[in-house]
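K.L.:
With the input below, show me the fold.
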Amino acid sequence: MLLNCAEELIILAIDDQTNSFYRISNININVALIGALLMDLALRKRIDVGLEGIYVLSTEPTGDEFLDTILENLVETEAGNQPAVLVGHLYNSMVHLKDKLLQSLEEKGIIKVSQCKVLWLFKKRRYPVIDQKEEEEVLSRIRKTILTDVKPEPRDLALLALLQICGLMDKIFTKEELEQRSARLKLLNNMDLISPAVKRIIGEMQVLITTTYTT
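P.N.:
Residues are numbered from 1 along each chain as shown. You can find the predicted model right below:
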């Protein structure tokens, strides 16, 4: 089953113990999900990032409803906007992005969206993973990228960058693993296997999430 980068990020961000998002705010996960979709479009050569901002290379549909919605949105937006401006626009126009991605994952049979009460008063949503195959596949790819010397895939490097920005690395790896493979992680962060467009998007995401982007 082919998932987009945002769906894979969600799977990695859900804590298997609590079935909720692991130590990341609602604002930051939404910004990160937009960044993941933009990265996916760049990896699929639908968009590029130049000195003047993000521009569309091709309007050919990807077949993914979320990616195509972002692409259509970019086509309708004035050319020349800087990435941060476009992310802000997408953030405001796709306010239910996380919920729709969760619904998509539920429809694919990967997670189940449920609701429970905390202290018998407050409702809290949970997202237990019911199809471990997809979670194990993406988790295996990311762990293999760090823990072995295999040649990394550009998609996995982009996803790895998002995990670092979102502070999710200690969910995927133990402290000892990160310490032992610190040189490998530094090497991966400096590799030129991802396009300048994806690197630019990663940089924008880092600034926005670090400063806690708000509408």
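
K.L.:
Give the buried residues for stretch 77-94.
P.N.:
Neighbour counts over stretch 77-94 (16 or more other C-beta atoms under 10 Å) mark Thr77, Asn81, Pro83, Leu86, Val87, Gly88, His89, Leu90, Tyr91, Met94 as buried. Heads up, the C-betas are built off the backbone N, CA and C, glycines and all.

K.L.:
Enumerate every residue touching Val207.
P.N.:
Ala84 (C-beta atoms under 8 Å, 6 or more residues apart in numbering).

K.L.:
ok, back up a step: redo the buried residues of stretch 77-94 as TSV? Include distance to Gly63 and secondary structure.
P.N.:
Converted to TSV, the buried residues of stretch 77-94 look like this (distance: C-beta to C-beta, whole Å; DSSP: H, G, I helix; E, B strand; the rest coil):
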residue	distance to Gly63	secondary structure
Thr77	22	coil
Asn81	26	coil
Pro83	25	helix
Leu86	22	helix
Val87	24	helix
Gly88	27	helix
His89	24	helix
Leu90	20	helix
Tyr91	24	helix
Met94	19	coil
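
K.L.:
so, if you compare those residues, which one comes nearest to Ile209?
P.N.:
Val87 (10.4 Å; C-beta to C-beta).

K.L.:
isn't that closest one right next to Gln206, touching?
P.N.:
No - contact between Val87 and Gln206 fails when scored by C-beta atoms under 8 Å: they sit 11.8 Å apart.

K.L.:
At which residues are the strands of the protein located?
P.N.:
Secondary structure of the chain (DSSP state E): strands at 47-50, 53-56, 114-118, 122-126.

K.L.:
per-residue confidence averaged over the second one?
P.N.:
Strand 53-56 shows a mean pLDDT of 84 in the predicted model.

K.L.:
Remind me what that strand packs against, helices and strands.
P.N.:
strand 47-50, helix 65-76, helix 83-93 (3 or more C-beta pairs under 8 Å, 6 or more residues apart in numbering; DSSP states H and E).

K.L.:
Format the CA atom coordinates belonging to the second one as PDB.
P.N.:
What that stands for is helix 65-76. Below are the C-alpha coordinates for helix 65-76, written out as PDB (Å, rounded to 0.1, in the frame of the first residue of the first chain):
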ATOM      1  CA  GLU A  65      -6.100  13.300  -3.000                       C
ATOM      2  CA  PHE A  66      -4.000  15.200  -0.400                       C
ATOM      3  CA  LEU A  67      -1.100  15.900  -2.700                       C
ATOM      4  CA  ASP A  68      -3.400  16.900  -5.500                       C
ATOM      5  CA  THR A  69      -5.300  19.300  -3.200                       C
ATOM      6  CA  ILE A  70      -2.000  20.900  -2.200                       C
ATOM      7  CA  LEU A  71      -0.900  21.100  -5.900                       C
ATOM      8  CA  GLU A  72      -4.200  22.700  -6.900                       C
ATOM      9  CA  ASN A  73      -3.900  25.200  -4.100                       C
ATOM     10  CA  LEU A  74      -0.400  26.100  -5.200                       C
ATOM     11  CA  VAL A  75      -1.600  26.600  -8.800                       C
ATOM     12  CA  GLU A  76      -4.300  29.000  -7.600                       C
END
